[in-house]
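1. just a sequence and a predicted model for now, questions to come.
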Amino acid sequence: KCKLNVQHARAALWFACPGVECSQGDFDLTAALAEAVAARHKIVTGELRCPGTRKRGDREVVPCQTLLRYKLNLNYD
């Protein structure tokens, strides 16, 4: 849960993947936030899959694919 003030600044919104073994994975919500603000939506929901990778067993590298479900509640002045 976070609270942002984007009135006077550009915003980048991302969260690190919670997967301990995940490498180079994160969830980038910047585009979803920008679209929501541009359209003046008050609530936006969606889901993203982590684009990172993790090791299966000893060697095999597989996509992380951790799922993030999000809900953006936006307030405008």
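-> Received the coordinates, thanks. Residues are numbered from 1 along each chain as shown.
2. the protein: helices as residue ranges?
-> Taking DSSP state H as the criterion, the chain carries its helices at 30-38.
3. show me where pLDDT drops low in it?
-> 2-11 (pLDDT under 70).
4. ok, how many other residues are close to Leu29?
-> Close neighbours of Leu29, defined as other CB atoms under 10 Å, add up to 20. Where you see a C-beta, it was placed from the backbone N, CA and C, and this is true even at glycine.
5. ok, now which ones touch the residue nearest to it when sequence neighbours are not counted?
-> In this structure, Leu29 finds its nearest non-sequential neighbour in Leu13, 4.3 Å apart by CB to CB, 6 or more residues apart in numbering. When the contact criterion is CB atoms under 8 Å, 6 or more residues apart in numbering, the partners of Leu13 are Leu4, Asp28, Leu29, Thr30, Leu33.
6. what subset of the residues you listed is buried?
-> In the contacts of Leu13, burial by neighbour count holds for Leu29, Leu33, counting by 16 or more other CB atoms under 10 Å.
7. which residue is nearest the centroid of this protein?
-> The structure's the chain has its C-alpha centroid closest to Phe27; by CA atoms, centre = their mean the separation is 3.2 Å.
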